[in-house]
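Peer 1: Provided below are the primary sequence and the corresponding predicted coordinates.
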Amino acid sequence: MSLRLPAGGQRGLRASQHHKLPLHRFLAHNLQQHFFTRFVDARAQASGSYNAEIDTGKHTHIGSLGGPPSAHSSGIKVAMTGASLDQMLSFSNSHGERLAAKFVDAGSQDIFIFCHGYASSKDGFLFPRLAEELASRGRSSLRFDFSGNGESEGTFSFGNYFREVEDLRAAVEFARNTLKLNVAAIVGHSKGGNVVLLYASRYDDIPHVVSVAGRAIMSRGVKERLGEDVLQRLDREGVIAQEVSSSSGRRIKYLLTKEGVDERMNLDMLAEAAKIRAQVLVLHGSSDNVIPVEDAHELAARIPHSTLCVVEGADHNFRQPVVADLVIQRITEHLVSVVSEL
């Protein structure tokens, strides 16, 4: 097994020597290598062979937009603060709950929709920075809070993957019918990474998907998150009052139900992945201690049209500044390129 540079690269690398190279050593090795991800053809992986690339492209900063954004459609209530490009707005899901959202209007006819993770929000993960970077490239985006999260109405709950798929459906319809934009791709992190895959499996109406740090085996991690004692109580009582800390530090009280846990445990993510016809970028950190990188390999191997990108040394949330910069650039380049192909 070998790792090869793209056409025009200077040399080949043996995986046994370099595929586990620590982050600091990799950057010291070549400061001009702005990307240090591995792109694995999932279909080759499934057959036991790996073709990987190291992209040595140099990042070029592009200035921000020259003027304030404007809503694409009349009747949208917008609030802007300071120099932010974010337009605050809301739309309703199929249950009549108001979902809070932020729209960055860069004037494009295509739009990308971002989906946050468990107990997070539209401003979680790297989404605000990703929206800014895309805007600097002339691309619009929409990010929103799932029901019961952030500023949205509704009740927080554990599990509820398909409920969140329907929230995403409401966002897609809002973008199409109210903003009058074409949804070119959906992007999700962690639990949101699963939601975008489930959406693609169910609706098959968006050509591109980016799943970041998603989970393949849904039964993993439940005991670690909830605790064995809580699961035993849940078996006896059916419903337990719980609290969870959101990504912003806010404590959320909710009712943990056996139904919600069973939904998570019984969800066959690999079977759903096999149904997806969209082009999917699966991105994961090699040092993710929340969802192991093996899950990314399993997902990518099942999705018919997928590319796997493993970020060496990155954790679940890509917290290291240099890693965050590179991930934002990688996703941006991917999204801009897929729109140019439409």
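Peer 2: Alright, I've got the coordinates.
Peer 1: Quick check, pLDDT for Thr60.
Peer 2: In the prediction, the pLDDT value recorded for Thr60 is 23.
Peer 1: Could you tell me which ranges of the stretch 1-150 of the chain sit under the pLDDT cut-off?
Peer 2: Across the stretch 1-150 of the chain, the ranges flagged by pLDDT under 70 are 1-84.
Peer 1: Strands of the stretch 151-300 of the chain, residue ranges please.
Peer 2: Remark: strands assigned in the stretch 151-300 of the chain by DSSP state E, counting those that start in this stretch are 182-189, 208-212, 239-245, 251-257, 279-285.
Peer 1: May I see these organised as a markdown table, with distance to Cys115 and mean neighbour count added?
Peer 2: In this view, the C-beta of every residue, glycine as well, is placed from N, C-alpha and C. Listed next are the strands of the stretch 151-300 of the chain as a markdown table, based on distance: least, Cβ to Cβ, whole Å; neighbours: other Cβ atoms under 10 Å:
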| stretch | distance to Cys115 | mean neighbour count |
| --- | --- | --- |
| strand 182-189 | 4 | 24 |
| strand 208-212 | 10 | 27 |
| strand 239-245 | 18 | 13 |
| strand 251-257 | 18 | 15 |
| strand 279-285 | 14 | 25 |
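Peer 1: Just put these in CSV and tack on mean pLDDT and distance to Val322.
Peer 2: Shown next, in CSV, are the strands of the stretch 151-300 of the chain (pLDDT from 0 to 100; distance: least, Cβ to Cβ, whole Å):
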stretch, mean pLDDT, distance to Val322
strand 182-189, 99, 19
strand 208-212, 99, 17
strand 239-245, 88, 27
strand 251-257, 87, 32
strand 279-285, 99, 13
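Peer 1: Phe144: which of these is closest?
Peer 2: Nearest to Phe144, of all those, is strand 182-189, at 11.5 Å by Cβ to Cβ.
Peer 1: Could you pull out the helices in the stretch 101-250 of the chain for me?
Peer 2: Counting by DSSP state H, counting those that start in this stretch, one finds helices in the stretch 101-250 of the chain at the ranges 127-136, 161-177, 191-203, 222-226, 228-237.
Peer 1: related to what we said a few turns ago, which one of the strands of the stretch 151-300 of the chain lies nearest to Ser152?
Peer 2: Taking the strands of the stretch 151-300 of the chain one by one with Cβ to Cβ, strand 251-257 is closest: 12.1 Å.
Peer 1: follow-up on the earlier one: for the helices of the stretch 101-250 of the chain, which one ends up most surrounded?
Peer 2: helix 191-203 (a mean of 25; mean count of other Cβ atoms under 10 Å).
Peer 1: can you tell me the average pLDDT over it?
Peer 2: Across helix 191-203, pLDDT averages out at 99.
Peer 1: try stretch 221-236
Peer 2: Per-residue scores along stretch 221-236 average to 90.
Peer 1: dump the residue contacts of His95.
Peer 2: 147, 154 (Cβ atoms under 8 Å, 6 or more residues apart in numbering).
Peer 1: ok so, going back, just put the strands of the stretch 151-300 of the chain in JSON lines and tack on distance to His334.
Peer 2: As requested, these are exported to JSON lines (distance: least, Cβ to Cβ, whole Å):
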{"stretch": "strand 182-189", "distance to His334": "8"}
{"stretch": "strand 208-212", "distance to His334": "7"}
{"stretch": "strand 239-245", "distance to His334": "31"}
{"stretch": "strand 251-257", "distance to His334": "33"}
{"stretch": "strand 279-285", "distance to His334": "6"}
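Peer 1: Looking at these, which is nearest to Arg225?
Peer 2: Per Cβ to Cβ, nearest to Arg225 of the strands of the stretch 151-300 of the chain: strand 239-245, 9.0 Å.
Peer 1: How far off centre is the closest one?
Peer 2: 25 Å (Cα atoms, centre = their mean, to the nearest Å).
Peer 1: give me every residue that touches Asp235.
Peer 2: Lys258.
Peer 1: Against Phe158, how distant is it?
Peer 2: Remark: distance between Asp235 and Phe158 (Cβ to Cβ, to the nearest Å) = 15 Å.
Peer 1: what's the answer for Arg215, then?
Peer 2: Using Cβ to Cβ, one gets 14 Å for the distance from Arg215 to Phe158.
Peer 1: How about Glu133?
Peer 2: 32 Å.
Peer 1: again with Val104
Peer 2: Look at Val104 and Phe158: by Cβ to Cβ, they are 31 Å apart.
Peer 1: ok, these two, which is more surrounded?
Peer 2: Val104 (23 against 20; other Cβ atoms under 10 Å).
Peer 1: That one contacts Arg137, correct?
Peer 2: No: the pair Val104 and Arg137 does not pass the contact test of Cβ atoms under 8 Å, sitting 11.4 Å apart.
Peer 1: quick one: contacts of stretch 169-178?
Peer 2: Contacts for stretch 169-178 (Cβ under 8 Å, 6+ apart): 73, 76, 91-94, 99, 101, 111, 113, 142, 144, 181-183, 186, 199, 203, 205-206.
Peer 1: Helix, strand, or coil at Leu99?
Peer 2: strand (DSSP: H, G, I helix; E, B strand; the rest coil).
Peer 1: Look up the closest residue to it, ignoring the ones flanking it.
Peer 2: Ser152 (4.6 Å; Cβ to Cβ, 6 or more residues apart in numbering).
Peer 1: pLDDT value on the one you found, please?
Peer 2: Value listed for Ser152 in the pLDDT field: 97.
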